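> How does the following fold in three dimensions:
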Amino acid sequence: AADKMNLIPQDFFAELCEQIIQHLNHKIPGVNTAELCQRIQMSGIEINVADLAKIANIISFLFSTAARNKLSTEELVTTLGNAVSALPKHAVQVIRHVWNEQGTTITVSEDGRNMATVGQFVDIKWKLGVAMSSDTCRSLKYPYVTVTLKVADPSGQITDKSFEMTIPQFKNFFKQFKEMAAVLETV
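The predicted structure follows:
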């Protein structure tokens, strides 16, 4: 991952680190590596989402471990220097700066059972479509609903999950949401 970290410009790496700190502080549901990766690629850097997600996981682990151990900025940098000699210099500088500015704000649960093991809802988008025809049927006129859920997994990586529903499936989906809303009203 250190070789891929070398590819990321300092400003993008700083943004990644700051998003990770915000995620660890529960201020944002996760790190949108897909969006950040797209912006890095538009700047001319060749990196894929999977590699950026690995880097985000490494930095997240680094920050959460440092917070759990209550490391000072110097202790963190010394530990990084001893353990990871292949870490790019600009990455260490950014980590030092971000940790110095925001590291003390991270609160880490000592009880591992308190950590979320399910994803967190971020956003939903939907659209209504009509299939007009296919190679086997000339006149379908078949309506459907496409739903895209944006979800942050427990590690903070944001992913999109899309699915299509027929109108009867959508009506059942909607009915279940109404039932959930009615139950929530009683709480």
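> contacting residues around the residue nearest the centre of the chain?
Centrality entry for the chain: nearest residue to the mean C-alpha point is residue 157, 2.4 Å, by Cα atoms, centre = their mean. Contacts of residue 157 were listed using Cβ atoms under 8 Å, 6 or more residues apart in numbering, and they are 30-31, 33, 53, 56-57. Yep, even glycine has a C-beta here, placed from its N, CA and C like the rest.
> For residue 121, which three-state class applies?
strand (DSSP: H, G, I helix; E, B strand; the rest coil).
> Does it touch residue 149 like I think?
Yes - assessed by Cβ atoms under 8 Å, residue 121 is found in contact with residue 149 at 7.0 Å.
> more crowded one of the two?
The residue with more neighbours, out of residue 121 and residue 149 and counting by other Cβ atoms under 10 Å, is residue 149; that gives 16 against 11.
> ranges for the strands of the chain?
Under the criterion DSSP state E, strands of the chain are mapped to 120-131, 142-152, 158-166.
> remind me which residues of this structure are low pLDDT?
Residue ranges of the chain with pLDDT under 70: 1-2, 82-86, 107-119, 154-155.
> just the strands of the chain: most buried one?
Per-residue neighbour counts averaged over each of the strands of the chain give the maximum for strand 142-152, namely a mean of 16 (mean count of other Cβ atoms under 10 Å).
> can you list contacts of it?
With Cβ under 8 Å, 6+ apart as the contact definition, strand 142-152 has outside contacts at 23, 29-30, 119-131, 158-167, 169-170.
> Residue 59: how many residues sit nearby?
If you count neighbours by other Cβ under 10 Å, residue 59 ends up with 23.
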